[in-house]
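Peer 1: Give me a 3D structure for the following:
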Amino acid sequence: VAWRWLAPFPNLFLGLTPLITYLSAREAANTAQHIPLDRLLLETDAPYFVPRTSVKVIN
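Peer 2: Below you'll find the model as predicted:
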């Protein structure tokens, strides 16, 4: 799926959210494995969208 966007747009970068850490998002995690590192943006939605493995603590 990612290559449909990456191939025709050489200046395009893709970002990932913590969604890829959820077991129900297998397709997203699989897609993430195929994104070249030089086209990948790391981003955060913290504290609103935390990885599955994080403990949700209210301050």
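Peer 1: Let me see the ranges of the helices in this structure.
Peer 2: 2-6, 26-33 (DSSP state H).
Peer 1: now for the ones you listed, which one comes closest to G15?
Peer 2: Nearest to G15, of all the helices of the chain, is helix 26-33, at 10.3 Å by CB to CB. For the C-beta atoms, the positions are set from N, CA and C on the backbone; glycine is no exception.
Peer 1: what's the burial count for I35?
Peer 2: 19 (other CB atoms under 10 Å).
Peer 1: er, A7 actually
Peer 2: By the measure other CB under 10 Å, the count of residues near A7 is 9.
Peer 1: Now do it, the pLDDT please.
Peer 2: Note for A7: predicted pLDDT of 92.
Peer 1: any chance of the helices of the chain in JSON lines, plus distance to I20 and mean neighbour count?
Peer 2: JSON lines is the format used below for the helices of the chain (distance: least, CB to CB, whole Å; neighbours: other CB atoms under 10 Å):
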{"stretch": "helix 2-6", "distance to I20": "12", "mean neighbour count": "13"}
{"stretch": "helix 26-33", "distance to I20": "5", "mean neighbour count": "12"}
